[in-house]
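this is a predicted model, with the sequence first.
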Amino acid sequence: MARFDFTIDRDTATTATTAKIADAIDLVAKAETWPATLRVAVKVSVDEVLANLMMHVFSAGATQARFGLETDDHLVRCTVIDDGPVFDISDNRPERARTRQGVEIGGRGLVMVQRLMDAVQFERVDGWNRVTLTKRRAAKDEDKETR
Amino acid sequence: MSEQAFALSQTRDDDLVVVQIAGQIDSTNAAELGERLRSVALDGLRAMVLDLGKLAYLTSAGFRTLLIAQDEVADRGAALALCNLNDTVRDLFEMGGLADVFEIFGSLDEVRAKR
């Protein structure tokens, strides 16, 4: 079982903040010998949520956020909360730039998170937006650590 | 050292330039990858081939960089191709809906034979 939390302040947050959280996840993954599939699912999903926080949530008015990770024998759960305005997932579809082939350059993050995690929950709790990502842990012999 | 780094090496292979990307591409380093790909010389070459055999994973920030690179390489008169995707990276391309957007080859030999 592991647990850690990071406070993320809008005025000081950079990609180094995201890298620090990713490093902390790696430490837990190594200590608990996560299979490669679990590590990739969690790290990709957390990167997507934190990138959204840095690029969109802070510019929409949030000033502070917190990232938390907790594990037990059955689950890995990550939570990101922010003090920004109400997040409406159905309204998160801005016009995006496209490549010459007509392919949208952005807009894949949330879809990937929903495919990679077992549950993705958006809530408004006590004036904070809360995103909870949950991934079940496979039986220890189902997958092998590959790193 | 942070584990978020990637390593990039390049070799000239006849009229191709092969760029091997190892590590992981995410929101913390995708912009740097874009700059590094822009700096790869393409004069007179047919294609830039990204060998992703040692890439652990990439996030949507990495996909964004590759999509932009595809247009930029075309602007420079060459084509962008990918090869050696492992199962994890291939699954991520499929999740991102990009498996058919790039020219993806099983190996560098396949690139040489088909391009």
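Looks like it came in fine.

so where's chain A uncertain?
Within chain A, the ranges that satisfy pLDDT under 70 run A:88-94, A:139-147.

the most centrally placed residue in it sits in which helix or strand?
Nearest to the mean C-alpha position of chain A, by C-alpha atoms, centre = their mean, lies residue A:46 at 2.4 Å. Following DSSP states H and E, the helix or strand that holds residue A:46 is helix A:36-52.

which bits of chain A sit near chain B?
Near chain B, the residues belonging to chain A are A:15-16, A:18-19, A:22-23, A:26, A:36-37, A:40, A:43-44, A:47-48, A:50-51, A:54, A:99-101, A:103, A:105-109, A:111-112, A:115-116, A:147 when assessed by C-beta under 8 Å from any C-beta of the partner chain. C-beta: built from backbone N, CA, C; applies to glycine.

helix or strand for residue A:5, which one?
When secondary structure is defined by DSSP H and E, residue A:5 falls within strand A:2-9.

for the residue of chain A most remote from its centre, give its distance to residue A:66.
Computed with C-alpha atoms, centre = their mean, the maximum C-alpha offset from the centroid of chain A is found at residue A:100, amounting to 30.1 Å. Using C-beta to C-beta, to the nearest Å, we find residue A:100 at a distance of 41 Å from residue A:66.

kindly report the same for residue A:10.
When C-beta to C-beta is applied, the distance between residue A:10 and residue A:66 equals 12 Å.

settle it for me: which of those two has more neighbours?
Here residue A:10 and residue A:66 are set side by side on neighbour count (other C-beta atoms under 10 Å in any protein chain shown), and the busier one is residue A:10, at 18 against 15.

looking at it, the more buried one is touching residue A:62, isn't it?
Yes: taking C-beta atoms under 8 Å as the contact criterion, residue A:10 and residue A:62 are neighbours in contact, 6.4 Å apart.

tell me the SS of the residue nearest to residue B:99 when sequence neighbours are not counted?
What sits nearest to residue B:99 in space, not counting adjacent residues and going by C-beta to C-beta, 6 or more residues apart in numbering or on different chains, is residue B:93, at 4.8 Å. Classification of residue B:93 using DSSP: H, G, I helix; E, B strand; the rest coil returns helix.

any idea how far residue B:93 is from residue B:100?
Shown here: residue B:93 relative to residue B:100, a distance of 9 Å by C-beta to C-beta.

these two - which one has more neighbours?
Neighbours per residue (other C-beta under 10 Å) separate residue B:93 from residue B:100, with residue B:93 holding more: 20 against 10.

quick one: the strands in chain A?
Taking DSSP state E as the criterion, chain A carries its strands at A:2-9, A:64-71, A:75-82, A:119-125, A:128-136.

kindly report the same for chain B.
Counting by DSSP E, the strands of chain B are B:6-13, B:16-25, B:47-51, B:55-58, B:79-83, B:103-105.

on that earlier part again, from what I can see the residue farthest from the centre of chain A touches residue B:74, true?
Yes: applying C-beta under 8 Å as the test, residue A:100 and residue B:74 come out as touching, 7.0 Å apart.

and residue A:121, how far from chain B?
Residue A:121 sits 20 Å away from chain B when distances are taken as C-beta to the nearest C-beta, to the nearest Å.

enumerate the residues of chain B near chain A.
B:2-4, B:24, B:26-29, B:56-57, B:59-61, B:63-64, B:67-68, B:70-71, B:74, B:88, B:92, B:95-98, B:101.

now, of those residues, which are buried?
Buried members of these, counted by 16 or more other C-beta atoms under 10 Å in any protein chain shown: B:3-4, B:24, B:26-29, B:56-57, B:59-61, B:63-64, B:67-68, B:70-71, B:88, B:92, B:95-96, B:98, B:101.
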